[in-house]
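In: Kindly generate the corresponding structure for this input.
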Amino acid sequence: MQLRPDALDAHLAKTLSPIYTIYGDESLLVQEAVDRVRAAARAGGYTERDVLSVERSFDWGALANAGQSMSLFGDKKLIELRIPGGKPGKDGGAALKAHADAANSDVLTIITLPRLDAAASKSDWFTSLDRAGVTVKVDPVDRARLPDWIAQRLSAQGQRVEAGEPGRRVLQFIADRVEGNLLAAHQEIQKLGLLYPAGVLAFEQVQDAVLNVARYDVFKLSEAVLSGDVARLVRMLDGLRGEGEAAPLVLWALTEEVRTLAKITRGMASGKPVAMLLREYRVWGPRERLMEQAVGRVTAPMLAQALQLAARLDRQVKGLRAEGLPSDPWDGMLQLGLLLAGERPPVARATRAARPAHA
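Out: Residues are numbered from 1 along each chain as shown. Below you'll find the model as predicted:
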């Protein structure tokens, strides 16, 4: 049975399943879900606990042994099986399937995995686990939902922001500083609970307390570009540069968006529907909506200019001579990003806006 994370508490209040498979890349949310199941198991009399971690030389017989060996006092047992690699292999798959087939009320098993690909989610071992118990898929909190997530966490500790625009400004301020680092976001929210009493948080209080602990993912850069969010684009490029990200990788991410946009606009010019083109060029999920926004904003001459700029930047980051570019390739990549986002400022003005700290 598949269950959303926000429905887990209601489920645990009614019953306990023999197996809980919790998977996703957001370690904080996965751990919180595991903690809730563990607490319910303890309250339900599962007092004995075994923890197994699947490493390179893991003996899958240990799982069968843990499920069969009970204490002398007959206590019910909790098994926590951690599979950080996400791929149990042939032997592991067989062991997991056998464990699911032998599930009983005396043993409760929590299995944690990272995000699974399509093949793993359709495998025999995973479908057996799902059939025998509960599977909980933990999705990451994307940037658009982060302010609401922060507001919910503040509410849980008795705090809130002002209504309307002032409150949104506070939430946006926190989100900007913790983007890509949900564990740090959780810690900063807890810090606000320790520093200030329950009630409304003023912007000045939050500004004084919240550190800049954002982590920037080069593969999230396309979200800022495609959505036309110039402020986020500038902030992410500056953050990637400060974290020491490789310039060629950042340029590749930007160039891929230019190429995809160019292919889709050419297809539209020939009469193909946007939806067909998005499928053809494998644009899925949230990126599909962002790509539709970008296609409506860019023009063929703009994309031709962007491709030419990307080609010159490619020469520059490889150490070759490239005319008409800023001396720093990061400033050129900012120019490319701004062009795709619908902005066309002079290079000098873009540089000053992006990186005052490096001026």
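In: Which strands or helices does whatever helix or strand Leu233 lives in pack on?
Out: Assessed by DSSP states H and E, Leu233 sits inside helix 230-242. On a contact count with 3 or more C-beta pairs under 8 Å, 6 or more residues apart in numbering; DSSP states H and E, helix 230-242 meets helix 221-227, helix 329-340, helix 347-354. (Each C-beta comes from the backbone N, C-alpha and C, glycine too.)
In: if we go to 6 Å?
Out: Packing partners of helix 230-242 (3 or more C-beta pairs under 6 Å, 6 or more residues apart in numbering; DSSP states H and E): helix 221-227, helix 329-340.
In: Can I get those helices in TSV including mean neighbour count, mean pLDDT and distance to Leu192?
Out: Converted to TSV, the helices and strands packed on helix 230-242 look like this (neighbours: other C-beta atoms under 10 Å; pLDDT from 0 to 100; distance: least, C-beta to C-beta, whole Å):
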stretch	mean neighbour count	mean pLDDT	distance to Leu192
helix 221-227	23	87	27
helix 329-340	24	90	33
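In: Those helices into TSV, with extra columns for distance to Arg312?
Out: Below are the helices and strands packed on helix 230-242 laid out as TSV (distance: least, C-beta to C-beta, whole Å):
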stretch	distance to Arg312
helix 221-227	18
helix 329-340	8
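In: Domains of this structure: list them as residue ranges, please.
Out: Annotated domains of the chain cover 2-138, 143-210, 215-341 [the TED database].
In: Of the helices and strands packed on helix 230-242, which is nearest Leu307?
Out: Closest of the helices and strands packed on helix 230-242 to Leu307 is helix 329-340, at 9.7 Å (criterion: C-beta to C-beta).
In: Alpha carbons only: can I get the closest one in PDB?
Out: Backbone C-alpha positions of helix 329-340 (Å, rounded to 0.1, in the frame of the first residue of the first chain) are rendered in PDB as follows:
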ATOM      1  CA  PRO A 329      33.600  33.400 -17.800                       C
ATOM      2  CA  TRP A 330      31.200  33.500 -14.800                       C
ATOM      3  CA  ASP A 331      30.200  37.000 -16.000                       C
ATOM      4  CA  GLY A 332      29.700  35.700 -19.500                       C
ATOM      5  CA  MET A 333      27.500  32.800 -18.200                       C
ATOM      6  CA  LEU A 334      25.400  35.400 -16.300                       C
ATOM      7  CA  GLN A 335      25.000  37.200 -19.500                       C
ATOM      8  CA  LEU A 336      23.800  34.000 -21.200                       C
ATOM      9  CA  GLY A 337      21.400  33.200 -18.300                       C
ATOM     10  CA  LEU A 338      19.900  36.700 -18.400                       C
ATOM     11  CA  LEU A 339      19.400  36.500 -22.100                       C
ATOM     12  CA  LEU A 340      17.400  33.300 -21.700                       C
END
